[in-house]
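Trainee: sharing a model prediction with you, sequence too.
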Amino acid sequence: MKKEDQSYLYLILFHVVVGALGFIVPFTSKIYGYSIFIFGLYYIIKNKNRNNEALIAAAYVVGSEVFLRMTDGNPLYEISKYGVIVFILLGMYFSSFSKQALPYWIFLLLLVPSIIISTYALNFDTNIRKAIAFNISGPVCLGVASLYTMGRKISLDEINTVLLSMGLPILSCVIYLILYTPNLQEVITGTESNFETSGGFGPNQVATILGLGMFIFFSRFILDSKTKLQIIVNLFIALNIMYRGMLTFSRGGMITGFLMILLLLIFLYFKSNQAGKFKLSYIMVFLGFAMMATWTYTSFQTDGLINKRYSNQDAAGRVKESQFTGREEIARSEIEIFLKNPIFGVGVGKGTEVRKAETGIKAASHDEITRMLAEHGTLGIFALLILVVTPLVLFLQNNFNMFLLCFVFFWFLTINHAAMRIAAPAFVYSLALLNVQLGLPKKRIPNN
């Protein structure tokens, strides 16, 4: 066996064991959670961020977040966002922030007025610190990470390493899910999002991270499999993540993952020469058959319920009235709040209180866009415009970052169904801003 194959298999095996231990010996998840942050700090400081170790460590935190939440291994519930911020700030200490990052300084400043408003607008019995942190930690994480990544030069090998660092703990999550639900027939009885097949945790968050993991290992199958063994391993992992993701019966994250794969294939096809297009056509056909086979197997395992789920039907085959499980009502209420408070909004976290008082709905927002409108007002619109326009300008100026559109679409689609409950959309968005240098070794790429 080649040395590179051996090293790769050891990495895979280690994370298989982590996932298994998280189920069999639960307290090991706590040890794993604390170790991530301790060794992340050591890793960055030891190497002084010479090869963007801050991104690698932050990516690992992002990939492990859902697994740690479902196994109660996080030191704090929102620690992953804070961990990304700390690692990125440490990376800035050693490598400075991007000189092109002015739009993201403005983005962060636009968040401030609503934070100030919330300190006196929130109800007396509300935990102000938690209410603000829950809603603002995602945007702040995005802003800080973008200060580091905006236009920063990075090699294709390095970005693949960052993605692998994010993907490996997602594999641990999949192993945990396999052990958590050994008998699918007993727990899959309808077409609603299924907590039992999601490790007893929120299916929306689980499907989001599994959709991302599916994309990561499919991208490795296409772009970074150096040997035949790695081709087989990456494809096997990607298809298994796809299978477990569909079993959550939460559609948003998986549809997003499928679209990311499609965007990557389209980009590569149009950027390839004739020989490359011919080879890629075979890969696309093969992937299509592999995915259809996985879908067919999932349909068989769920007695056809997965087909009904993606057709928006209940178990009896009747089309459901709502395609968004009531989330459109929350979004509509937030738009109404914005229209009544169009300048500065009602303040961070206040949207939930206003909605409960006016409609009786006690639920946090699932849509980051309408939440920004309600809680940040017109300033929120300007902040969102920065996030949408900046990466598109980068793409038009120098469209060699093959992942840019994939990452932006992941962020945009995820915040529309899962807000920024997890760190993934914020961090993955920031990766879209990197200046990926093709065919150049790491040491030839100076920092920005």
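Mentor: On my side now, so go ahead.
Trainee: from here on, just use CA atoms for contacts and neighbour counts.
Mentor: Will do.
Trainee: which residue ranges of the stretch 251-400 of the chain form helices?
Mentor: Secondary structure of the stretch 251-400 of the chain (DSSP state H, counting those that start in this stretch): helices located at 251-271, 274-301, 305-310, 327-340, 350-359, 368-397.
Trainee: which one of the ones you listed lies closest to residue 140?
Mentor: Using CA to CA as the measure, helix 368-397 is the one of the helices of the stretch 251-400 of the chain that comes nearest residue 140, at 11.6 Å.
Trainee: got the buried residues for the closest one?
Mentor: For helix 368-397, the neighbour count (16 or more other CA atoms under 10 Å) marks 368-384, 387, 391-392, 394-395 as buried.
Trainee: strands of the stretch 51-200 of the chain, start to end?
Mentor: 153-155 (DSSP state E, counting those that start in this stretch).
Trainee: show me the shaky parts of it.
Mentor: 124-125 (pLDDT under 70).
Trainee: and with 90 instead?
Mentor: Across the stretch 51-200 of the chain, residues meeting the criterion (pLDDT under 90) sit at 74-78, 96-100, 118-135, 181-191.
Trainee: what's the mean pLDDT across stretch 285-297?
Mentor: The predicted model gives stretch 285-297 an average pLDDT of 94.
Trainee: residues in contact with that stretch?
Mentor: Residues from elsewhere that reach stretch 285-297 (CA atoms under 8 Å, 6 or more residues apart in numbering): 239, 242, 243.
Trainee: the helix or strand hosting the second one: how far from the chain's middle?
Mentor: Under DSSP states H and E, the secondary-structure element containing residue 242 is helix 228-247. How far helix 228-247 lies from its chain's middle: 18 Å, per CA atoms, centre = their mean, to the nearest Å.
Trainee: list the buried residues for stretch 297-309?
Mentor: Those buried within stretch 297-309 under the rule 16+ other CA under 10 Å are 298, 299, 302, 305, 306, 307, 308, 309.
Trainee: which residues touch the last one?
Mentor: Listed by CA under 8 Å, 6+ apart, the contact set of residue 309 reads 191, 192, 249.
Trainee: of all these, which comes closest to residue 112?
Mentor: Distance to residue 112 across these (CA to CA) is lowest for residue 249, with 37.6 Å.
Trainee: how near is that closest one to residue 101?
Mentor: Applying CA to CA, to the nearest Å, the value for residue 249 to residue 101 is 39 Å.
Trainee: same question for residue 430.
Mentor: Residue 430 is 11 Å from residue 101, by CA to CA.
Trainee: any common contacting residues for those two?
Mentor: Residues touching both residue 430 and residue 101 (CA under 8 Å, 6+ apart): 146, 150.
Trainee: and those two? which has more neighbours close in?
Mentor: The residue with more neighbours, out of residue 430 and residue 101, is residue 430; 26 against 20, by other CA atoms under 10 Å.
Trainee: in three-state terms, label the more buried one for me.
Mentor: Following DSSP: H, G, I helix; E, B strand; the rest coil, residue 430 is assigned to helix.
Trainee: what residues are up against it?
Mentor: 142, 145, 146, 149, 150.
Trainee: change it to 10 Å
Mentor: 141-150, 387, 391, 404, 407-408, 411, 424 (CA atoms under 10 Å, 6 or more residues apart in numbering).
Trainee: residue 355 too?
Mentor: Residue 355 neighbours (CA under 10 Å, 6+ apart): 330, 333, 334, 336, 337, 361, 362, 363, 364, 365.
Trainee: 8 Å instead?
Mentor: Neighbour list for residue 355: 330, 333, 334, 361, 362 [criterion: CA under 8 Å, 6+ apart].
Trainee: residue 120 now?
Mentor: Residue 120 neighbours (CA under 8 Å, 6+ apart): none.
Trainee: gap between it and residue 270?
Mentor: 53 Å.
Trainee: cool, and residue 420?
Mentor: 32 Å.
Trainee: what of residue 121?
Mentor: Separation of residue 121 from residue 270 (CA to CA): 52 Å.
Trainee: cool, and residue 227?
Mentor: According to CA to CA, residue 227 stands 25 Å off from residue 270.
Trainee: one more: residue 248?
Mentor: For residue 248, the distance to residue 270 - CA to CA - is 34 Å.
Trainee: then residue 94?
Mentor: 38 Å.
Trainee: more neighbours: these two, which one.
Mentor: Using other CA under 10 Å, the more surrounded residue of residue 94 and residue 270 is residue 94, with 17 against 11.
Trainee: quick check: that one touching residue 47?
Mentor: No. Using CA atoms under 8 Å as the test, residue 94 is too far from residue 47 to be in contact (9.6 Å).
Trainee: sorry, back to before: can I get the helices of the stretch 251-400 of the chain in CSV with distance to residue 73?
Mentor: Compiled in CSV, those are given as follows (distance: least, CA to CA, whole Å):
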stretch, distance to residue 73
helix 251-271, 23
helix 274-301, 30
helix 305-310, 31
helix 327-340, 29
helix 350-359, 28
helix 368-397, 26
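Trainee: pick out the shakiest of those, pLDDT-wise.
Mentor: Among these, helix 350-359 scores lowest, at a mean of 80.
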